[in-house]
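>>> Got a sequence here, can you build the structure:
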Amino acid sequence: MSFKFKPLADRVIIEASPTEQKTASGIFIPDTAKEKPLQGTIIAVGVGKKDEPMSLKKGDKVLYGQYAGTEIKIDGKNYLIMRESDVYGIF
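Numbers count the residues shown, from 1 in each chain. From the prediction side, this is the model:
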């Protein structure tokens, strides 16, 4: 699939990893008790700032803050858009 949205400057688009459906012991987690995922895959990256090139690239699996980014919907799918500085690290 070709992603048709290009983030600007130091922003990245992240597809969040799916939430856990059940615990390690096999108990199913209801939707109301599921936690927001804190990791995902970079789908698109901006070009960076004038003095700071981007260190993230498409396909990187990353860890980000619980309240980082803004949820957006593109072509019927939910994504997060955030600044590169909101990403804690790469797996």
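>>> Report the beta-bridge partners for Val12.
Beta bridges link Val12 to Val45, Met82 when assigned by DSSP bridges.
>>> for Leu63, same thing?
Beta-bridge pairing for Leu63 (DSSP bridges): Gln39, Gly89.
>>> Would you mind measuring from it to Lys77?
Noted for Leu63: a distance of 21 Å to Lys77, by C-beta to C-beta, to the nearest Å. Quick note: C-beta positions are derived from backbone N, CA and C, even for glycine.
>>> Kindly report the same for Met54.
The gap separating Met54 from Lys77 is 23 Å, by C-beta to C-beta.
>>> tally of neighbours for Thr41?
Counted with other C-beta atoms under 10 Å, residues neighbouring Thr41 total 15.
>>> Where does it sit: helix, strand or coil?
strand (DSSP: H, G, I helix; E, B strand; the rest coil).
>>> Give me the three-state assignment for the spatially most central residue of the chain.
With distances taken as C-alpha atoms, centre = their mean, the residue of the chain nearest its centroid is Ile14 (2.8 Å). Classification of Ile14 using three-state DSSP returns strand.
>>> Wait, it touches Ile43, no?
Yes: with contacts counted by C-beta atoms under 8 Å, Ile14 reaches Ile43, the gap being 6.6 Å.
>>> quick one: contacts of stretch 49-65?
9-10, 12, 14, 38-48, 80, 82, 84, 86-91 (C-beta atoms under 8 Å, 6 or more residues apart in numbering).
>>> Can you list the buried residues in it?
Met54, Leu56, Asp60, Val62, Tyr64 (16 or more other C-beta atoms under 10 Å).
>>> Can you tell me how far Asp60 is from Thr70?
Here Asp60 is placed at a distance of 19 Å from Thr70 (C-beta to C-beta).
>>> Ok, Gly48 next?
Gly48 sits 19 Å away from Thr70, taking C-beta to C-beta as the criterion.
>>> Run the chain-centre distance for stretch 67-82.
On the basis of C-alpha atoms, centre = their mean, to the nearest Å, stretch 67-82 sits 8 Å off its chain's mean C-alpha point.
>>> All set, thanks.
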